[in-house]
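Undergrad: curious how this folds, go ahead:
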Amino acid sequence: MMMMMNLSLTSPAKPPATSLKPSAPSHQKLPSPLSLLPAVNHPINFEPLRDRLIKHLDAGHLYKAISTLDVMARQNTHPDLITYSLLLKACIRSREFQLGKLVHTHLAQSKLELDSVLFNSLISLYSKSGDWAEAHKIFEIMGNKRDLVSWSAMISCFANNKMEFEAILAFLDMLENGFYPNEYCFTAVIRACSKAEFFSIGEIMLGFLVKSGYLHSDTNVGCALIDMFVKGNSDLESALKVFDKMTDRNVVAWTLMITRCTQLGYPRDAIDLFLDMVLRGYVPDRFTLSGIISACTELESESLLLGKQLHSWVIRSGFALDVCIGCSLVDMYAKCTVDGSLDDARRVFDRLENHNVMSWTAIITGHVQCGGRDKEAVELFCKMMESPVLPNHFTFSSVLKACGNLSDSHIGEQFYAHSVKYGFASDDCVGNSLVSMYAKSGRMDNAQKAFESLFEKNLVSYNTIVNAYAKNFNSEGAFELFHEITDTGIEVNAFTFASLLSGAANVGAIGKGEQIHARLLKSGFQSNQHISNALISMYARCGHIDAAFQVFNEMSDRNVISWTSMITGFAKHGFATRALEIFHKMLEAGIRPNDITYIAVLSACSHAGLVSEGWEIFKSMHEKHGIAPRMEHYACMVDLLGRSGSLREAIEFINKMPCTPDALVWRTFLGACRIHHDKELGQHAAKMILQQDPHDAAAYILLSNLYASAGQWEDVAQIRKNMKERNLIKEAGCSWIEVDNKIHRFHVGDTSHPQVQEIYKKLDEMALKIKGLGYIPDTDFVLHELEEEQKEQYIFQHSEKIAVAFGLISTSRSKPIRVFKNLRVCGDCHTAIKYISMATRREIVLRDSNRFHHVKNGTCSCNDYW
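TA: The predicted structure is shown next:
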């Protein structure tokens with residue numbers, strides 16, 4: 001029970017300064033209280049001053065009214081309780097809380113005995129200003145003057161100040177004192193029960209509400225219940241039931257339900273609700289429009305047309321310059337862009353007259369999320385720093401992500417220094433972005449230090465560092481951190497598992513991937529769409545395409561990522577026909593392909609030499625789906641033509657491109673020139689690459705290999721000299737295999753493995769067997785000037801052959817040998833592995849930097865076309 005105390009009113013705990021200067025600029029010039037004093041000393045008539053004060057309040061001139069109150073106080077006169085009540089309510093309504101506290105000071109000095117109306121106004125004043133302690137103090141001294149409004153105000157005060165437990169106790173205290181709650185009391189206590197830990201109490205309150213009759217009749221109670229089910233239990237179904245039973249729904253209720261649907265991941269339901277709202281004759285306000293535009297954003301390109309219609313509605317409704325709606329539109333156009341263009345988002349941003357931190361953050365984040373626009377994001381952040389608007393923690397988080405995508409940790413560190421200056425260094429989202437930035441820049445030691453220095457490690461922090469290790473091909477580190485997370489008692493989520501699956505996929509650790517899959521089944525995440533997509537990718541990238549297809553078939557809800565992942569899997573494994581079948585089924589299912597889908601389909605055509613099909617698909621991108629080809633799509637077409645030997649057609653295609661071909665396009669063409677030994681075109685391609693980037697190591701290496709295959713060793717030596725002068729290093733070839741959940745890595749001529757003698761014994765045994773079957777070493781793939789015998793010895797010690805030999809002595813005959821290589825498999829190794837599969841009757845799956853090779857009984861899935 002709350003203590004009953006005496007009824008005398010205490011003065012405010014911290015009386016405000018007597019200066020009446022407003023804290024924010026005002027259009028009213030406040031007169032000096034002294035200037036209002038008359039020159040004579042005789043007593044001032046009370047009534048004219050009171051009338052003047054009331055007149056100022058009626059006209060909305062709050063500061064003048066307070067000045068008049070100050071004049072009265074100096075003359076030792078005071079208004080009556082009604083006038084004080086009007087003053088307090090005016091201060092609360094205009095959120096001039098400091099002025100309200102000044103009124104409280106005058107009230108305390110007046111020695112008037114307060115009634116419950118004034119007490120309640122004071123509770124409301126301190127509650128809304130965030131001073132719950134003073135509100136509670138006033139509530140305590142009311143004693144028997146407390147009425148239902150007093151209790152309602154106090155419960156609401158606790159709920160609004162995140163003191164949910166105290167709010168519930170106050171509600172129970174009120175019942176014990178014999179008061180029956182009204183709609184305001186119910187609304188406040190239900191709001192307190194919106195926190196997950198108090199949700200069970202909220203369910204009890206629901207039973208009380210049913211008996212009271214407020215459940216269906218009061219809009220505020222209904223809205224509070226909707227929030228309780230959504231925030232406290234993520235239960236959208238129950239929230240919708242409450243909404244459906246509300247007899248008096250207003251725009252606020254519709255807007256709340258639309259927003260909550262989007263927040264729980266049901267944007268289509270939000271759109272359906274919006275359309276229902278409009279059909280019923282309700283007029284959406286700025287908050288409704290902002291919420292429904294956000295729902296369109298969640299659906300990305302699927303609902304861009306609706307988003308544009310809403311934008312038109314916004315303009316017609318006169319909200320075109322509203323910053324809140326503007327932020328939602330910027331976000332929508334950035335995320336829903338079909339062709340990667342941010343022109344529409346930028347136009348909306350530029351037309352806003354008054355930018356705030358949300359609008360700046362929205363356009364910066366849009367550039368980061370769009371892909372390939374990180375440099376512009378950094379430039380926008382710099383412009384923001386020159387403006388009067390200061391960044392917040394979300395802005396810093398986005399710009400640090402941009403720096404990570406650019407692998408520019410130097411400028412990222414400068415931005416982080418600014419975040420320290422503005423007091424955001426301890427913010428989790430800034431710290432997590434710093435970890436990610438270092439990881440993407442290849443500075444894992446710094447990423448680990450940044451992680452360790454976080455003030456408070458939460459699940460997002462762990463997910464960030466786990467994902468960082470996974471992306472840097474350190475699955476062991478990722479799994480160690482996973483065990484650390486579980487040891488701390490933090491419950492992992494879908495993103496954690498997706499990161500671990502990505503880590504397993506990066507290094508081809510199918511054993512670890514299968515362990516995570518088993519853990520997922522126990523944890524109940526198997527039906528999660530994001531997880532299912534990660535499983536498809538993991539199995540496909542680890543060489544188990546049948547398992548990937550099984551996961552795909554078992555999915556009840558597939559999105560564009562699901563379909564694209566499966567198409568990519570079949571394409572990388574050389575099953576072009578199946579990839580195209582899935583693509584056409586995707587179109588039949590009404591799923592709109594995106595630019596990544598087209599990269600996958602064109603790659604499938606390229607790997608199988610389906611030139612005419614590739615041309616048809618490339619043309620359909622823009623004609624059927626309005627997707628403008630990006631540089632990656634042009635590179636796919638160059639690859640398709642180049643692999644098929646149509647080098648002249650490929651160069652004509654490049655020359656007719658509507659944009660300047662970048663290094664990727666020319667590098668792809670140079671690779672084709674090397675395969676088909678066209679030195680002239682290869683030299684031209686290398687020249688075009690080095691014009692754009694003189695430090696492109698891949699161009700030097702491809703050209704060097706082209707010269708080496710032609711026996712032009714002097715040219716090879718010159719290229720290597722040029723690389724050395726520029727400090728360019730060729731990536732060393734490396735192959736690896738997973739055995740008993742451990743990754744074993746090998747380089748050319750590697751002798752560091754503990755089982756090296758057994759490995760080379762098996763390698764020599766295989767050499768004799770396959771030579772007996774007709775294998776002849778192709779020493780043209782030795783790109784060094786050596787004697788023929790040395791070349792033969794060297795080529796048989798390539799890393800992929802060593803890895804296969806280790807697989808033969810370490811794995812069960814019933815399982816395929818899965819080998820992974822960081823570079824393209826050489827032609828001789830490809831031939832030798834086909835012979836080894838014949839000699840051992842083992843299936844060998846090899847993943848190189850381009851694709852998978854399923855080798856069985858002497859044949860490969862690539863049909864020797866790769």
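Undergrad: show me what contacts I582?
TA: The neighbourhood of I582, defined by C-beta atoms under 8 Å, 6 or more residues apart in numbering, consists of W563, M566, I567, F570. Bear in mind the C-beta positions are built from the backbone N, C-alpha and C, glycine included.
Undergrad: so K762 is in contact with V804, correct?
TA: No. K762 is beyond contact range of V804, at 9.1 Å (criterion: C-beta atoms under 8 Å).
Undergrad: who has more neighbours out of those two?
TA: V804 (29 against 20; other C-beta atoms under 10 Å).
Undergrad: for that one, which residues are in contact?
TA: Shown in contact with V804 (C-beta under 8 Å, 6+ apart): I817, V819, I833, I836, I844.
Undergrad: give the buried residues for the helix or strand harbouring the fourth one.
TA: For I836, the host element (DSSP states H and E) is helix 827-840. In terms of neighbour count (16 or more other C-beta atoms under 10 Å), helix 827-840 has its buried residues at 828-840.
Undergrad: now, which of those residues sits nearest Q797?
TA: For the buried residues of helix 827-840, the residue nearest Q797 by C-beta to C-beta is C829; the value is 10.7 Å.
Undergrad: so that closest one makes contact with A805?
TA: No. Applying C-beta under 8 Å as the test, C829 and A805 come out as separate, 11.9 Å apart.
Undergrad: could I get the full set of helices for the stretch 751-866 of the chain?
TA: 756-772, 788-795, 799-810, 827-840 (DSSP state H, counting those that start in this stretch).
Undergrad: same question for the shortest one, mean pLDDT?
TA: Yep, that's helix 788-795 we're talking about. For helix 788-795, the mean per-residue pLDDT is 61.
Undergrad: same deal with the third one?
TA: Here helix 799-810 scores 94 as its mean pLDDT.
Undergrad: same deal with the longest one?
TA: Taken as a whole, helix 756-772 carries a mean pLDDT of 92.
Undergrad: list the contacts of it.
TA: 750, 753, 796-797, 801-802, 805-806, 808-809, 832, 835-836, 838-840.
Undergrad: ok, those residues vs G614, which is closest?
TA: Comparing these against G614 with C-beta to C-beta places A832 closest, at 30.9 Å.
Undergrad: thought P267 was touching C261, still the case?
TA: Yes. With contact defined as C-beta under 8 Å, C261 reaches P267; the gap is 7.1 Å.
Undergrad: rewinding a little: which strands and helices lie in contact with the helix holding I836?
TA: Helices and strands touching helix 827-840, by 3 or more C-beta pairs under 8 Å, 6 or more residues apart in numbering; DSSP states H and E, are helix 756-772, helix 799-810, strand 844-847, strand 852-856, strand 859-860.
Undergrad: by how many degrees do that helix and helix 756-772 diverge?
TA: Relative orientation of helix 827-840 and helix 756-772, computed by axes from the mean of the first three to the mean of the last three C-alpha atoms, to 10 degrees: 90 degrees.
Undergrad: alpha carbons only: can I get helix 827-840 in CSV?
TA: Backbone C-alpha positions of helix 827-840 (Å, rounded to 0.1, in the frame of the first residue of the first chain) are rendered in CSV as follows:
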residue,chain,number,x,y,z
GLY,A,827,43.6,-28.8,-67.6
ASP,A,828,46.1,-31.6,-66.7
CYS,A,829,44.7,-32.0,-63.2
HIS,A,830,41.2,-32.2,-64.6
THR,A,831,42.3,-35.0,-67.0
ALA,A,832,44.2,-36.8,-64.2
ILE,A,833,41.3,-36.7,-61.8
LYS,A,834,39.0,-38.3,-64.5
TYR,A,835,41.5,-41.2,-64.8
ILE,A,836,41.8,-41.5,-61.0
SER,A,837,38.0,-41.8,-60.7
MET,A,838,38.2,-44.7,-63.3
ALA,A,839,41.1,-46.4,-61.5
THR,A,840,39.6,-46.2,-58.0
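Undergrad: avg pLDDT for that helix?
TA: The pLDDT scores in helix 827-840 average 91.
Undergrad: where do the helices sit along the stretch 551-700 of the chain?
TA: Using DSSP H, counting those that start in this stretch, helices in the stretch 551-700 of the chain cover 560-572, 576-588, 595-608, 611-625, 631-643, 647-655, 663-675, 679-692, 697-709.
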